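>>> Give me a model of this one.
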Amino acid sequence: MASTTEGVLPGRLAHGYWRAHEWGLDDHACLKLIHQVLETGIQCFDHAACYGGFRNEAVFGRALALEPALRERLYLVSKCGILFPNDELPHIQNHYYDNSRAHIIWSAERSIEKLQCGYLDLLLIHRPSPCAHPEEIAAAFDDLHRRGLVRHFGVSNYSAQKFSMLQSWLDQPLVTNQIEISPLQLTPFDDGSLDYLLEKRLRPMAWSPLGGGALFKPQNERSARVAQALLAHGKAYGENRLDTLAYAWLLAHPAGIMPIVGSGRLERIENASAALNIPFSEQEWLSVYTAAQGKPLP
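Just a heads-up that it's a prediction; the model follows:
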């Protein structure tokens with residue numbers, strides 16, 4: 001099942017830095033990892049202002065500063081809007097979302113400074129605030145785009161209805177919705193999220209594409225059933241790496257899903273790239289889907 005959607009996202013996979021503070025990388029080791037990721041064919045690097053207690057972007061930025069010319073080979077994504085108490089920003093006293101014009105601009109400028117990248121290829125609203133005013137978001141996007149600080153915009157964790165509503169206020173097109181999708185998280189396949197993006201010819205980004213690691217150490221009958229279904233499919237290709245098979249299952253969907261590989265281990269990143277060589281027919285894809293549902297098709 002090949003994708004018919006292209007959009008502006010480069011390639012089929014992204015490398016995510018949610019857990020980068022756990023990888024124990026110094027600046028030179030981080031730079032080496034960036035090169036290794038590029039060598040696997042991945043160009044998209046996914047960040048967020050709040051990752052690592054608002055510190056992870058600076059780790060990546062110090063690495064990039066060692067080789068500034070590398071910037072033009074990278075497609076840099078960041079997200080804004082989630083706030084919580086942290087040592088880096090001691091004035092934040094509560095956990096809340098801020099989708100105001102002032103915060104979006106401040107956060108984007110801060111991310112660019114920390115990443116030492118000059119501009120962002122893509123900025124996402126990390127989570128929608130129930131009381132966000134779309135006019136505020138529109139004004140922030142206009143300002144950042146006019147000044148050349150952000151090239152493209154999108155959202156994360158938005159419903160199809162919220163996505164459509166926000167787009168109606170914007171001059172710039174929203175280019176993606178980053179949502180949780182995995183063989184253990186089927187909601188986007190059934191609630192209209194992926195249908196809407198297919199209608200608009202937009203590709204989703206998938207966070208936690210391996211179900212938070214539950215496929216590797218199944219904690220219940222459902223996750224064990226899904227792991228078995230993936231492994232059964234892999235036999236025809238001599239493939240027994242569960243992560244490779246899970247990525248391949250996502251990549252096979254016609255929405256053109258871009259899974260985010262959230263590991264600092266080169267082996268895991270290479271496993272994800274290997275998924276590009278594992279096809280799924282519709283029948284094979286549905287065998288995993290029904291295993292996750294725990295019931296046959298009607």
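
>>> Which residues outside the helix or strand Val288 falls within are in contact with it?
Using DSSP states H and E, Val288 falls within helix 282-293. Residues from elsewhere that reach helix 282-293 (Cβ atoms under 8 Å, 6 or more residues apart in numbering): 1, 183-184, 186, 189, 222, 225-226, 228-230, 232-233, 249, 252-253, 280, 296-297. The way it works is simple: take the backbone N, C-alpha and C, and place the C-beta from them, glycine included.

>>> One more pass at 7 Å, please.
Taking contacts as Cβ atoms under 7 Å, 6 or more residues apart in numbering, the residues outside helix 282-293 that touch it are 1, 183-184, 186, 222, 225-226, 229-230, 233, 249, 252, 296-297.

>>> And it, what's buried?
By neighbour count on 16 or more other Cβ atoms under 10 Å, the buried set for helix 282-293 is Glu284, Trp285, Ser287, Val288, Tyr289, Ala291, Ala292, Gln293.

>>> can you give me the helices in the stretch 51-200 of the chain?
Ranges of helices within the stretch 51-200 of the chain are 51-54, 56-65, 101-115, 134-146, 160-167, 187-190, 193-199, based on DSSP state H, counting those that start in this stretch.

>>> among those, which is the most enclosed?
Highest mean neighbour count of the helices of the stretch 51-200 of the chain: helix 56-65, a mean of 21 (counted as mean count of other Cβ atoms under 10 Å).

>>> and that helix, what does it pack onto?
Other helices and strands packing on helix 56-65, by 3 or more Cβ pairs under 7 Å, 6 or more residues apart in numbering; DSSP states H and E, are helix 27-39, helix 101-115.

>>> Any stretches of the stretch 151-298 of the chain with poor pLDDT?
Within the stretch 151-298 of the chain, no range satisfies pLDDT under 70.

>>> related to what we said a few turns ago, among the contacts of helix 282-293, which are located in helices?
Residues of the contacts of helix 282-293 located in helices (DSSP state H): Arg222, Arg225, Val226, Ala229, Leu230, His233, Trp249.

>>> for those, which one is nearest Leu31?
Using Cβ to Cβ, Trp249 comes nearest to Leu31 of the ones in helices among the contacts of helix 282-293, at 32.4 Å.

>>> Just to check, the closest one is in contact with Ile181?
No - Trp249 is beyond contact range of Ile181, at 10.2 Å (criterion: Cβ atoms under 7 Å).

>>> is it possible to export the contacts of helix 282-293 to CSV including neighbour count and distance to Ala48?
Formatted as CSV, the contacts of helix 282-293 follow (neighbours: other Cβ atoms under 10 Å; distance: Cβ to Cβ, whole Å):
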residue, neighbour count, distance to Ala48
Met1, 14, 30
Pro183, 25, 24
Leu184, 21, 22
Leu186, 15, 24
Arg222, 15, 29
Arg225, 17, 32
Val226, 28, 28
Ala229, 21, 32
Leu230, 25, 29
His233, 21, 33
Trp249, 27, 25
Ala252, 20, 27
Pro296, 7, 39
Leu297, 7, 37
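
>>> I appreciate the help and will end here.
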